[in-house]
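Asker: coords please:
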Amino acid sequence: MNIQDLQVKIYQLKQFCEQTKEQLLMGEKNLQDLSKTIIYQTGPSRTGQEAAQISNRAAKQLRDTVQSILTLEMELNAYIKQITS
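Answerer: Okay, here's the model as predicted:
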């Protein structure tokens, strides 16, 4: 595989990362909205609070995954600079 082929593959990976980030951010928002809805509908019930906490934890995991993808993108950019200079 030559450098140009590698650049194309990295570009494709970055495109995939961008699409994945968008989907994860949408999922995070949906989970946050769900958590608010659960709290609104269940009031102070223990099970409602637990369900909302679970939704919030899942939203945080999605947010953490987005951060990991951002880190990967930065590393890919640095690698491209390194191999092309």
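
Asker: centroid-nearest residue for this protein?
Answerer: By Cα atoms, centre = their mean, the chain has its centre lying nearest to V66, at 2.8 Å.

Asker: what about D33, how many residues nearby?
Answerer: Residues near D33, counting by other Cβ atoms under 10 Å, number 12. Quick note: C-beta positions are derived from backbone N, CA and C, even for glycine.

Asker: which elements pack onto the helix or strand hosting it?
Answerer: Taking DSSP states H and E as the criterion, D33 maps to helix 3-42. Applying 3 or more Cβ pairs under 8 Å, 6 or more residues apart in numbering; DSSP states H and E, one finds that helix 3-42 contacts helix 46-84.

Asker: packing partners of the helix it packs on?
Answerer: So helix 46-84, by 3+ Cβ pairs under 8 Å, 6+ apart, packs with helix 3-42.

Asker: and the helix it packs on, which residues are buried?
Answerer: Buried residues in helix 3-42, counted by 16 or more other Cβ atoms under 10 Å: 10, 14, 17, 21, 24, 27-28, 31-32, 34-35, 38-39.

Asker: lovely, talk soon.
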